[in-house]
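Q: Sharing a model prediction with you, sequence too.
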Amino acid sequence: MQSYSAIAKYYDSFTQNDCDYESWSQYLSDVAQAHGVKSVVDVACGTGKMTELLCKRGFDVTGVDGSAQMLAEASSKCKGRFVLQDMTKLTLPHAVDMAVCVNDGVNYLPPKKLAAFFLRVAKNLKCGAPFVFDVSSPYKLKNVVGNNVFFVDDEDVTLLWSNKLYGGHVNMSLTLFERQGQTYVRSDESHTQYLHTVQEVSQALAESGFRLAEVTAEYGKKLRQDSLRITFLAIKEE
């Protein structure tokens, strides 16, 4: 089954305790205001939580995602434009003032494809535009996510999430049991996330026409060895 199909309508509730979109949006808004941003593309926007918050802050936002089911959830949140598109083939009708990619989108790309993705983003940005994105850190994927099992058990849905670490990537198996009447219907998905170091990301950005301006943890916090999320602020070179 395609990733983020069966779990799309439950995604927000599954992630509500792990993702501080409100504070992340404040960091993004501060960056945007510092660069005179009006238009933003939210790459791998998922259910549109960040798209919605950026729209509320007054930006003209286009959300792009490869899952029709996730975009269906996103379109019910706000009046931003939503486009069904593979993030690695990002193509907008006009260059925008800023690009964002929040909550692990870049982890779905193997290291050898990072530079090509960054180049696609650069082609859709105006010169001098900021690009802000995050990755789950190697520490998180190795020590928190990898070789671990998680579950959510609510009244109408149960999620079993098991992970296996293989060197530079984690294979994730998700099984969803959804109540439908008097029975439960099972759906299965598989995901792969890749480990990316700061050095690898920095090199790929440089190869793609970006200048790395700032590296933090969790959108503006001090980066530590055990930080779970690494945030990159890059600027498209003139």
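A: Great, that's in hand. Numbering: from 1, shown residues only.

Q: any weak-confidence spans in this protein?
A: Across the chain, residues meeting the criterion (pLDDT under 70) sit at 1-3.

Q: ranges for the helices of it?
A: With DSSP state H, the ranges of helices along the chain come out as 11-15, 21-34, 49-56, 68-75, 114-123, 138-140, 198-207.

Q: So which other helices or strands are in contact with the fourth one?
A: I take that to be helix 68-75. When contacts are defined as 3 or more C-beta pairs under 8 Å, 6 or more residues apart in numbering; DSSP states H and E, helix 68-75 sits against helix 11-15, strand 60-65, strand 81-84. (Glycine included, C-beta is placed from N, CA and C.)

Q: 10 Å instead, please
A: Packing contacts for helix 68-75, counted by 3 or more C-beta pairs under 10 Å, 6 or more residues apart in numbering; DSSP states H and E, involve helix 11-15, helix 49-56, strand 60-65, strand 81-84.

Q: Same question for the first one.
A: Judged by 3+ C-beta pairs under 10 Å, 6+ apart, the packing partners of helix 11-15 are helix 49-56, helix 68-75, strand 149-153, strand 157-166.

Q: Serialize these to JSON lines and add fields for mean neighbour count and distance to D18.
A: Converted to JSON lines, the helices and strands packed on helix 11-15 look like this (neighbours: other C-beta atoms under 10 Å; distance: least, C-beta to C-beta, whole Å):
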{"stretch": "helix 49-56", "mean neighbour count": "23", "distance to D18": "12"}
{"stretch": "helix 68-75", "mean neighbour count": "19", "distance to D18": "17"}
{"stretch": "strand 149-153", "mean neighbour count": "11", "distance to D18": "10"}
{"stretch": "strand 157-166", "mean neighbour count": "16", "distance to D18": "12"}
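
Q: And the closest residue to A204 other than its chain neighbours, how far from F82?
A: Excluding its sequence neighbours, the residue lying closest to A204 (C-beta to C-beta, 6 or more residues apart in numbering) is L114, at 3.8 Å. If you measure L114 against F82 using C-beta to C-beta, to the nearest Å, the figure is 25 Å.

Q: got a list of what V43 touches?
A: 62-65, 85, 87-88, 90, 99-102, 105-106, 117, 120-121, 124, 131, 133 (C-beta atoms under 10 Å, 6 or more residues apart in numbering).

Q: again, only using 7 Å
A: Contacts for V43 (C-beta atoms under 7 Å, 6 or more residues apart in numbering) come out as 64, 87, 90, 99-101, 105, 121.

Q: just checking, A68 touches L84?
A: Yes: contact status for A68 versus L84: in contact at 5.7 Å, counting by C-beta atoms under 7 Å.

Q: List the residues that are in contact with both of the two.
A: With C-beta under 7 Å, 6+ apart as the test, A68 and L84 reach no residue in common.

Q: Pull the number of nearby residues for F118.
A: Per other C-beta atoms under 10 Å, the neighbour tally for F118 reads 25.

Q: Excluding chain neighbours, what is closest to it?
A: Distance criterion C-beta to C-beta, 6+ apart; nearest residue to F118, sequence neighbours excluded, is S208 at 3.6 Å.

Q: And M50, by the same measure?
A: Spatial nearest neighbour of M50, excluding adjacent residues (C-beta to C-beta, 6+ apart): V102 at 5.1 Å.

Q: Could you report the neighbour count for that neighbour?
A: Using other C-beta under 10 Å as the criterion, V102 is surrounded by 25 other residues.
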